[in-house]
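Novice: Fold the following and give me the result.
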Amino acid sequence: MGTSGAISTLIRVTVCLGLVSPVLVLARVAAGDVAAECTPPSLVWFDPIFFSYNVALALFAVLSIPGITYFYVVSRKAEKIRRLRNDLSEERWSLNEEAIVNIVERQFRMRHYLGSMLTLTIVVLLGTSIILLLKPFSGAGCGGVDYSKGANFLLLGPYMLFGPDGRPDHDYYQHIAVSLTAFQFGFLGAYVYLIGDLVRAYFILDLTPQVFVASTIRVITGSLLALVTSFMTGYMSKEVNISLPLISFFFGYFPETALILIQKKVAGWIGLGETKYHAIPLSRLPGMSYAHETRLIREGYDNVENLATVRPLDLMLRTGFTHRQVRQWIAQAWLYSHMREDYEEFVKQTGITGADELAELLDKGNVGSTTPEEYLSAATGDKYTHKIAALCRLVGKWKERADRPLSLSPQYTRALFDKGQALKAKGDTKGAIEVFQRFLALVPPDSDDAKQVKEWIAKLGKSGRSTPNTGDEPGKP
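Specialist: Numbers count the residues shown, from 1 in each chain. Predicted coordinates for the structure are as follows:
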C-alpha cells in the first residue's frame, strides 16, 4: 500500500472510531438499555427510529469533509494540470511546465491536507453532536442532559447567579434555552457556509489547507459570536427572542460582518473613534466579489496594495483562479495603488484599467502624432501629467516581474541532473538529452553545470550513443 493509501485508511479509521464510540453509548441510552438507572425507568433519550435518523445526519455532516477531500485528491489532479495548460500560452507553459507540475504534485497529496482537515472534522463532530445527539431535559432522570444540576459559564455568562442550587426556575431554563439556541444556529450558519465553500472549491480546483483552516475559524468564531451576542439581544424583547435563530444564523454565516457591527457598536458605547486605515479594500477593484475577496484574504492579500506585489503565476497555483483573472486583478491593483483616489477618474477618461493595458499602449508607440504619455495626459485634461509620466517609467519593471518564470527548488534541479547522468550511463541517448535539456532550462546558462551538460549533449548528439561516464562531478546546481 502506498503512502497516500495508508494515510487515507488512517483517516477513515480515526474518524470512524471517533464517531462510533459516542454513538454506541448514546444508542444504548436511546434504546433503553440503561433504563434501570433512570428515574423513572421508562424514560429514554430518543425514539430509536428518530435517533437513528439523527445519527445518519451526523455521520453525513461529519464525513462529508474527509470524503470531499479524498475524492478531490484522487480524481482532480489531472483536471487541474489540464486547466492550467489550457489557460497559459505556449511560451509561458513551456517556461514553467516543470515547476507547475512539481507544485501540483505536492498539492495533491493526502498528507498535505491531513492536519487542517482533521481539525475541521473534529470541530464539526462536536457541533453536530450538540445539535443532533444531545437533548436538554429540565429535570432529574436520564431523558437527556440534566441542566437542573447546573451549567457552565459558557452557557450562562452574566446570568450565572440564576444557577439552580436545587431550585431550578423558569428564568434559569430560559437562559439555558437562549444560549443553546444561539450557539447551535450560529454553528449551523457557519456549517452551511463551509459546505458550500468546500463544494465550490472542489469544482473550481481550489481545495487547499487554507480552506479548512478558514472554515474551522469560521465555525468557532460564528458559534461563539452568536452565543455572546445572545446574552444581550436574547432578552431585549419578545420579538428579538423569536428572531434569535435568524440573527445567530447570520452571525455564523457572516462572522466578519458581525465583528464589524459589534466593533462599531462597542466603540460607540465607550467613546472610541472609528479606526481608520489608509489601505484600499479589495472590493474597490472592478469585478471583485465577496467570494473572491474572501479567498484572496486567506492567502494574505487583504488590500489592494498587498495584491499589487504578488506574481500572477504564484497566486494562480495557490488558488483556483485562472491566470488571466489573477493577472488582471494584480495589474488593476498596481495601477490603483499608484493612482490612489484618481484611479476611477483615470479609468473613466482613458479606458485603461490595469498595468498590462498601460504597457500595451506604450509598446504600440505614438498615437497619431502624439506620444502615449501626451495622449494619456490630454485624455485626462492634463490633471495627472506627473503621475502618468511616473507610471510610464515604472510599468516596465512590473511587467518584467510579472512575466518572470517560476523557480524550482535546488533539490529538483539536482534530481534532473542525476537522472540525466543515469540515462547517459545506461546508453539511453535520447532520454539523457531530453532530461539534460530540461535541466538547462532551469539553471543559469553560464554556470559550470550548464557548461558541462552542454558538452555532454554535444557528444551524445555526435556519437548517437551514450558516452562512458567520465567521472566528472560538477558542483550542485
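Novice: distance of residue 127 from residue 53?
Specialist: The gap separating residue 127 from residue 53 is 18 Å, by Cβ to Cβ, to the nearest Å. C-beta: built from backbone N, CA, C; applies to glycine.
Novice: out of these two, which sits in the busier spot?
Specialist: Neighbour count, other Cβ atoms under 10 Å: between residue 127 and residue 53, residue 127 has more, with 23 against 13.
Novice: My guess is that one contacts residue 191. True?
Specialist: Yes - taking contacts as Cβ atoms under 8 Å, residue 127 lies within contact range of residue 191: 6.9 Å.
Novice: Quick check: neighbours shared by those two?
Specialist: Jointly contacting residue 127 and residue 191 under the rule Cβ atoms under 8 Å, 6 or more residues apart in numbering are residue 219.
Novice: Now for the residue nearest the centre of the chain: which residues touch it?
Specialist: Taking Cα atoms, centre = their mean, the centroid of the chain lies closest to residue 211, which sits 3.1 Å from it. For residue 211, the contact set (Cβ under 8 Å, 6+ apart) comprises 197-198, 201, 298.
Novice: of all the residues you listed, which two lie farthest apart?
Specialist: Across the contacts of residue 211, the longest distance by Cβ to Cβ is 13.4 Å; it joins 198 and 298.
Novice: How many residues are close by residue 328?
Specialist: By other Cβ under 10 Å, the residues close to residue 328 number 21.
Novice: separation between it and residue 316?
Specialist: 12 Å.
Novice: what stretches of the stretch 251-400 of the chain score poorly on pLDDT?
Specialist: 273-275 (pLDDT under 70).
Novice: Next: the stretch 101-250 of the chain.
Specialist: In the stretch 101-250 of the chain (pLDDT under 70), the answer is 136-144, 161-170, 233-241.
Novice: Apply 50 and report the result again.
Specialist: By pLDDT under 50, the weakly predicted segments of the stretch 101-250 of the chain are 138-141, 166.
Novice: what ranges do the strands span in it?
Specialist: If you assign secondary structure with DSSP state E, counting those that start in this stretch, the strands in the stretch 101-250 of the chain sit at 136-137, 145-146.
Novice: Could you report the distance from residue 112 to residue 105?
Specialist: Here residue 112 is placed at a distance of 10 Å from residue 105 (Cβ to Cβ).
Novice: out of those two, which sits in the busier spot?
Specialist: A direct count of neighbours by other Cβ under 10 Å for residue 112 and residue 105 places residue 112 higher, at 16 against 11.
Novice: need the contact list for the more buried one.
Specialist: 106, 209.
Novice: In whatever helix or strand residue 431 lives in, which of the residues would be classed as buried?
Specialist: Element membership for residue 431, per DSSP states H and E: helix 429-440. Within helix 429-440, the residues scored as buried using 16 or more other Cβ atoms under 10 Å are 429, 431-433, 435-436, 439-440.
Novice: Pipe the residues you listed into a markdown table and attach pLDDT and distance to residue 379 per row.
Specialist: Supplementary listing: these in a markdown table, determined by pLDDT from 0 to 100; distance: Cβ to Cβ, whole Å:
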| residue | pLDDT | distance to residue 379 |
| --- | --- | --- |
| 429 | 84 | 60 |
| 431 | 81 | 57 |
| 432 | 82 | 57 |
| 433 | 84 | 54 |
| 435 | 80 | 53 |
| 436 | 82 | 52 |
| 439 | 78 | 49 |
| 440 | 80 | 46 |
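Novice: got a markdown table for the residues you listed, with distance to residue 342 too?
Specialist: Below are those laid out as a markdown table (distance: Cβ to Cβ, whole Å):
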| residue | distance to residue 342 |
| --- | --- |
| 429 | 61 |
| 431 | 57 |
| 432 | 57 |
| 433 | 55 |
| 435 | 52 |
| 436 | 52 |
| 439 | 48 |
| 440 | 46 |
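Novice: out of those residues, which one sits closest to residue 396?
Specialist: For the buried residues of helix 429-440, the nearest to residue 396 is residue 440 (27.5 Å; Cβ to Cβ).
Novice: all helices for the stretch 351-477 of the chain, in order.
Specialist: 355-363, 372-379, 385-403, 410-426, 429-440, 448-463 (DSSP state H, counting those that start in this stretch).
Novice: Nearest to residue 333, out of those?
Specialist: Once those are compared by Cβ to Cβ, helix 355-363 is nearest, at 8.8 Å.
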